[in-house]
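Peer 1: mind looking at a prediction? Sequence and model below.
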Amino acid sequence: MRGSRPLFVLGAVIVALAGCSNPIITTKETGEQTAPPPAATSSARPSNDKLVNAFDFYTRTDDVHSGYYFTSPSGSWRCVIVPRTWAGCQSSSGTGRIGVTGAPDTVTDTGGQSVAPNSITVSTQGDPQFASIPADQFTQPSGAPKTLPFNNILAAAGFRCNIQQQTGISCLSEQTGNGFTFSNTGATWVYTDVP
């Protein structure tokens, strides 16, 4: 029975952690407090049977413009996975606004200014969010970006993204599991895997 004590302690720690509740999230833009979306109840790994060849989407010209670039089948959205940094999308319309129902009127840019959000992103370690990012970050430096077909998954450099007709575009940080799903009708802060 000498070896059973560490297992008992480990079991007690697991039970204690299972009882922890989700924290309340306060959004920076509005100050509104909300509960985070419920965690997935399935322990299944994200789907890998519909992966595209990530190499086909990669472009490298310099350290600033290296990434996996793609557009939606409609051509309305352009997106990028910046290796081990962030993934996100921006409207192809060039209006300077994200064009998603429910997006905040302003966000804080890297200089501390309040500006209109023009993109939706998730970073390697952070939470998904609406942001203001220069359009050139979503523009493939050479040639036109490939279209990511519906119900296919681009998994590269710590992120995965997909596009589905019913739900829209979805991206995930594989390190944290944080992600987003959005279309022009709204956004949620969870990744939606391809069925």
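Peer 2: Now that the structure is in, tell me what you want to look at. Everything numeric here is computed off the predicted structure, so don't read it as measured data.
Peer 1: use CA for all of it now, contacts and neighbours both
Peer 2: Noted.
Peer 1: so residue 172 bridges to which residues?
Peer 2: With DSSP bridges applied, residue 172 shows beta-bridge pairing to residue 160, residue 179.
Peer 1: show me the contacts for it.
Peer 2: Neighbouring residues of residue 172 by CA atoms under 8 Å, 6 or more residues apart in numbering: 87, 122, 159-161, 178-180, 190-191.
Peer 1: residue ranges of the helices in the chain, please?
Peer 2: Using DSSP state H, the helices of the chain run over residues 4-18.
Peer 1: hey, which helix or strand in it has the poorest pLDDT?
Peer 2: In the chain, no helix or strand scores lower on mean pLDDT, DSSP states H and E than strand 25-26, which sits at a mean of 30.
Peer 1: quick one: low-confidence ranges for this structure?
Peer 2: Scanning the chain for pLDDT under 70 picks out the ranges 1-47, 63-65.
Peer 1: again, 80 this time
Peer 2: Applying pLDDT under 80 to the chain flags the ranges 1-49, 61-65, 94-96, 141, 143.
Peer 1: could you find the closest non-adjacent residue to residue 130?
Peer 2: Once flanking residues are discounted, residue 130 sits nearest to residue 120: 4.4 Å by CA to CA, 6 or more residues apart in numbering.
Peer 1: that neighbour and residue 195: what is the separation?
Peer 2: Counting by CA to CA, to the nearest Å, the gap between residue 120 and residue 195 amounts to 23 Å.
Peer 1: which residues touch the residue nearest to residue 152 when sequence neighbours are not counted?
Peer 2: Counting by CA to CA, 6+ apart, residue 50 is the residue found nearest to residue 152 once chain neighbours are left out, at 5.1 Å. Under the criterion of CA under 8 Å, 6+ apart, the neighbours of residue 50 are 151-153, 194.
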